[in-house]
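K.L.:
have a look at this prediction, sequence included:
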Amino acid sequence: MSHSISTRLLLLLALCLPAQAAGTPATWPSKDQLRAVQIAAFYCSRENSEKSCNRARSMADPLMDHPLLSGVCKDVVWSLLELARVAPTNDYKRRDAIDESARKITRICAKPAKPRQAKPAAPTQS
């Protein structure tokens, strides 16, 4: 009898662990955080240096694992991670591709605004 009680207790504890491990709920990245990623990407596209591109990638990388961000946002982040690398020549196409992905991050990855509810129309008398 005590064996079945201890087994049940262990199963109950095992079920409770994931709930405790979850901790605090995730929050949306702030506009300032997204803007910082954008600025770092702009700097990478302009300077084409190892330091600036590593910084842009290291700031964008945590967004890939963020549970609240959409797949579209993660696609934009992924493209930035792929593009923000040092290139032999810093041509216009490279800079433009990085800048375009950086501009999209602040638009697409921001917390969606709550839709405004339309005010009910006043009833008209016929």
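P.N.:
Done, it's in.

K.L.:
buried set for stretch 51-58?
P.N.:
By neighbour count on 16 or more other C-beta atoms under 10 Å, the buried set for stretch 51-58 is 52-53, 55-57. From N, CA and C alone the C-beta is placed, and that goes for glycine too.

K.L.:
how close does the nearest residue to residue 67 once chain neighbours are set aside sit to residue 104?
P.N.:
Leaving aside its chain neighbours, residue 67 sits nearest to residue 26 (4.9 Å; criterion: C-beta to C-beta, 6 or more residues apart in numbering). Relative to residue 104, residue 26 is positioned 21 Å away (C-beta to C-beta, to the nearest Å).

K.L.:
and the two? which has more neighbours close in?
P.N.:
With neighbours defined as other C-beta atoms under 10 Å, residue 26 and residue 104 compare such that residue 104 has more, 18 against 12.

K.L.:
excluding its own residues, what touches stretch 99-111? List them.
P.N.:
28-29, 31, 34-35, 37-38, 41-42, 45, 60, 63, 69-70, 72-73, 76-77, 79-80, 83 (C-beta atoms under 8 Å, 6 or more residues apart in numbering).

K.L.:
for the one helix or strand residue 76 maps to, what is the average pLDDT?
P.N.:
Element membership of residue 76, judged by DSSP states H and E, is helix 71-83. Mean per-residue pLDDT for helix 71-83: 96.

K.L.:
repeat that for stretch 113-126.
P.N.:
Computed over stretch 113-126, the mean pLDDT rounds to 70.
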